[in-house]
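J.: structure for this input, please:
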Amino acid sequence: MRRRSAALAAGPVAGRLPGATAVERLANGLTVCRVENRQAPVVTTALWYRAGARDEPPGHAGIAHFLEHMMFKGSPRFGPGAVDRRTQALGGDNNAFTGHDATAYHFSFAADRWREALAIEADRMAGLTLDPVEVDAERRVILEEIAMVEAEPWDALEERVLAALFGGHPYGRPVLGSRRDLRATGRDELAAFHRGFYRPSNAVLVVAGDVDDAAFAAAAEAFAGVADRPAPPAAPPPAPAPARADLRRVEQRMGEVPRLLLALPAPAADGADHAVLRLVSVLLGSGRASRLHRRLVDEEKVCVWAAADVGETVEPGSFLVSAELVPGTPPVRVEETVLGELAALASGRRPPSAVELERARRVLTADWVFGHERVHQQALAAGFALSLFDLGHAERDLARALAASAEEVVEVARRWLVPEGGVVGWSLPRRGAG
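T.: Below you'll find the model as predicted:
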């Protein structure tokens, strides 16, 4: 059954994918979405699997990201390195990324050769070589990635703060995994994860750009030989992050300047308050006119920058406030100011003005438009929505945020900007630095 939406006649509308979309489910269970947008003679394919760090078995943290690497290291038709060589020979590009909720692979080609991406994706969905030599080599690469994260102050601080916020929930584990678990993960474990999660009924393929309905026939032909496989046994749902009544603290000594990261619990992306909390994040920490930037950077001149953001996750996630301090600034001063600004909004003592609300709405709208300018971005957005929610998720979320009143903003802030349930993390200069 194919579901369609007509092409927009009056130009792009914030929250809606440009062009015309249609969705079809193939006989083997693969969901295919066509986004027809002929702004340029290019086509992007994005294949999303509903498998990420949240789905990893105990003792094998990092296996989802490990498998992402191995998808480029050999399948029946494409040997190690062949995917990249073939992509470059055809003048295209490719990449992949792993998150906690999903993993995505994408190619961009000229409109006369994009079907090669389907041949590659179908081959490595059907099976991987998983040569032990290649497995060992990629494990070393990922161990080096872990070392790089541990050496970067912001990355290291974020890992520590989220681990404290989420406790034993998978969102508290780094996507890269741990050294111990990676060393315990080999060919057999990778093959089992691939077999269980990399199957047609657990995937969404988006074909976006200079294409028409022939994209569905091309996908059906390319994936015809890929049979669906049984889902792995249902794992117990991850335990929710523990509710706490205190503001926990994390501190590290790294780098040359103080860095603050405050993490608070936040609703899932399809939760009733998520959209309005996005608006709250813009009011507080998006752009030079936001409250935290004005106070900390422009007025008090104690920070180089300050920002706020809310995650977009399947399960309850996090609301983050970050800031980099001017050297010599007492950290306690910045922390008290940040907590004070959150409290002023959440208590209703400083509700958003009409000017602030309008600015925030404009920022959200502009961010959406700029984030969906290119066909590549449109393909990834459609895949994210379809694999984790539904195709209308972004439109509903943005519309809800833009419609929020000042009273709703205060009410949502009151429910979620609660420091006692969060974690404040500091990365302070090494003792004796400077």
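J.: part of a helix, is Pro236?
T.: No: secondary structure assignment places Pro236 outside any helix; it is coil (DSSP: H, G, I helix; E, B strand; the rest coil).
J.: tell me the contacts of it?
T.: Shown here is Pro236, which makes no contacts under the criterion Cβ atoms under 8 Å, 6 or more residues apart in numbering. All C-beta atoms are positioned from the backbone trio N, CA, C, and that covers glycine.
J.: what does the model give it for pLDDT?
T.: The confidence metric pLDDT takes the value 73 at Pro236.
J.: what do you get for Glu36?
T.: Turning to Glu36, the model gives it a pLDDT of 96.
J.: that one bridge partners, please.
T.: Ala20, Gly209 (DSSP bridges).
J.: and it, what does it touch?
T.: Contacts here follow Cβ under 8 Å, 6+ apart; on that basis Glu36 touches 7, 19-22, 209, 211-212.
J.: now render the residues you listed as JSON lines, adding distance to His169, neighbour count and pLDDT.
T.: Conversion of those to JSON lines gives the following (distance: Cβ to Cβ, whole Å; neighbours: other Cβ atoms under 10 Å; pLDDT from 0 to 100):
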{"residue": "Ala7", "distance to His169": "42", "neighbour count": "12", "pLDDT": "33"}
{"residue": "Gly19", "distance to His169": "38", "neighbour count": "20", "pLDDT": "80"}
{"residue": "Ala20", "distance to His169": "39", "neighbour count": "17", "pLDDT": "91"}
{"residue": "Thr21", "distance to His169": "34", "neighbour count": "23", "pLDDT": "95"}
{"residue": "Ala22", "distance to His169": "37", "neighbour count": "17", "pLDDT": "97"}
{"residue": "Gly209", "distance to His169": "38", "neighbour count": "28", "pLDDT": "97"}
{"residue": "Val211", "distance to His169": "39", "neighbour count": "23", "pLDDT": "97"}
{"residue": "Asp212", "distance to His169": "43", "neighbour count": "11", "pLDDT": "96"}
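J.: for this protein, what helix or strand is lowest in average pLDDT?
T.: Within the chain, confidence by mean pLDDT, DSSP states H and E is lowest for strand 3-5 among all helices and strands, at a mean of 39.
J.: all helices of the stretch 301-434 of the chain, in order?
T.: Remark: helices of the stretch 301-434 of the chain, listed N- to C-terminal, are 331-346, 354-370, 375-388, 393-403, 406-416; assignment by DSSP state H, counting those that start in this stretch.
J.: for the residue most central in space within the chain, which non-adjacent residue is spatially closest?
T.: For the chain, the residue nearest the mean C-alpha position is Gly99 (5.8 Å; Cα atoms, centre = their mean). Once flanking residues are discounted, Gly99 sits nearest to Gly52: 5.0 Å by Cβ to Cβ, 6 or more residues apart in numbering.
J.: and if you look at Val338?
T.: Nearest residue to Val338, sequence neighbours excluded (Cβ to Cβ, 6+ apart): Val321, at 5.8 Å.
J.: can you give me the neighbour number for Phe216?
T.: Using other Cβ atoms under 10 Å, the number of residues around Phe216 comes to 19.
J.: touching, it and Ala27? I think so.
T.: No: using Cβ atoms under 8 Å, Phe216 makes no contact with Ala27, being 11.8 Å away.
J.: centre of the chain to stretch 158-165, how far?
T.: Mean-position distance between stretch 158-165 and its chain equals 17 Å (Cα atoms, centre = their mean, to the nearest Å).
J.: show me the contact partners of it.
T.: With Cβ under 8 Å, 6+ apart as the contact definition, stretch 158-165 has outside contacts at 149, 171-174, 241, 248, 250, 252, 261, 263-265, 318, 422-423, 425.
J.: out of the residues you listed, which end up buried?
T.: Neighbour-count burial (16 or more other Cβ atoms under 10 Å) is assigned, among the contacts of stretch 158-165, to 149, 171-174, 241, 250, 252, 261, 263-265, 318, 422-423, 425.
J.: could you work out the most separated pair of those?
T.: In terms of Cβ to Cβ, these reach their longest pairwise distance at Val149 and Pro265, which sit 23.7 Å apart.
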